[in-house]
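Novice: Predicted coordinates and the sequence they were generated for:
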Amino acid sequence: MASGYRRASQDAGSRVSINSKTHRTGSIDTGLSPVSIDTSASQVQATVIAQGPAVAFFGSCVINDVFYIHGGVKTRADRSPSNRMYKFENQTWTDITTDDSPVLSYHRCVVWNRGQYILAIGGWDGSKRKSDVYVYDVANGSWHEAALSGFPSDGGLNNHAVVPLKSKDLEILVIGRDGSLRIQRRHGDAYCLRGDPNKRVFR
């Protein structure tokens with residue numbers, strides 16, 4: 001990202017000052033690397049991290065101070081999702097994409113079983129909305145698609161929300177937007193997702 005009035009330097013650790021009253025950070029599809037924002041009374045200071053992936057509408061999560069992003073598109077108008085996966089650790093981006101990584105955008109990722117797994121839920125595969133659940137084994141660096149039952153057979157999810165339920169370690173609240181696989185019918189339904197990544201079964 002960059003300030004609204006100048007392109008930020010790509011040098012790692014460089015800083016730009018932004019007048020918070022009149023300017024905002026640029027959109028992700030400007031092709032600039034992500035920034036961390038530090039606010040003060042009248043200024044916003046951005047630390048630019050070089051060499052970050054240029055993607056938007058990806059799934060993301062954090063495990064033990066390691067930031068993971070998966071999928072997404074290169075620009076807002078791009079309708080072809082990616083299967084790329086990256087992690088940001090110790091100020092360094094690393095491409096950890098594997099051949100079995102699913103092609104998705106507008107999906108949601110959530111940490112499962114105390115960081116052992118990342119679940120990718122729903123999303124857009126380039127032709128339709130999906131209700132599928134994909135499981136990433138963090139230790140082994142591998143993906144698999146889980147069997148899923150209970151969700152409407154003609155339903156799909158994108159731009160939805162996923163919330164782990166603290167009272168139930170193995171339950172996730174999934175809240176619309178959901179609709180048919182291809183038609184722009186939107187609903188605000190809520191679902192409770194339960195399952196076992198080891199058995200590759202969710203409901």
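Specialist: Okay, I see it.
Novice: Can you spell out the domain ranges of the protein, please?
Specialist: The record, using automatic domain parsing to delimit domains, assigns the chain the ranges 1-52, 59-202.
Novice: And those, which one averages the lowest pLDDT?
Specialist: When these are compared on mean pLDDT, domain 1-52 scores lowest, with a mean of 47.
Novice: Count the neighbours of Asn140 for me.
Specialist: 9 (other CB atoms under 10 Å). Any C-beta I mention is one placed from the backbone N, CA and C, and that applies to glycine too.
Novice: I meant to write Ser82 there.
Specialist: As a burial measure, Ser82 scores 20 neighbours (other CB under 10 Å).
Novice: Ok, the one 4 residues further on next?
Specialist: The number of residues packed around Tyr86, counting by other CB under 10 Å, is 19.
Novice: And Gly150, by the same measure?
Specialist: By other CB under 10 Å, 11 other residues sit near Gly150.
Novice: In which helix or strand does it reside?
Specialist: Per DSSP states H and E, Gly150 falls between elements, in no helix or strand.
Novice: cool, and Val110?
Specialist: For Val110, the host element (DSSP H and E) is strand 108-112.
Novice: Direction included, what does that strand pair up with?
Specialist: Sheet pairing here is set by DSSP bridges, and for strand 108-112 it gives strand 117-124 (antiparallel).
Novice: What lies in contact with the very next helix or strand once past the strand it pairs with?
Specialist: Reading on from strand 117-124 to the C-terminus, the next helix or strand found by DSSP H and E is strand 129-137. Under the criterion CB atoms under 8 Å, 6 or more residues apart in numbering, residues 70, 85, 102, 104, 107, 112, 116-124, 142-146, 148, 151-152, 155-158, 178-182, 193, 195, 197, 200, 202 lie in contact with strand 129-137.
Novice: from those residues, which ones fall inside strands?
Specialist: Of the contacts of strand 129-137, the ones assigned to strands by DSSP state E are 70, 85, 112, 117-124, 142-146, 148, 155-157, 178-180, 193, 195, 202.
Novice: isn't Val201 right next to Gly150, touching?
Specialist: No. The pair Val201 and Gly150 does not pass the contact test of CB atoms under 8 Å, sitting 11.1 Å apart.
Novice: Quick check: beta-bridge partners of the spatially closest residue to Leu193 that is not a sequence neighbour?
Specialist: Nearest non-adjacent residue to Leu193, counting by CB to CB, 6 or more residues apart in numbering: Ile172, 4.4 Å away. Ile172 has these beta-bridge partners by DSSP bridges: Pro164, Leu193.
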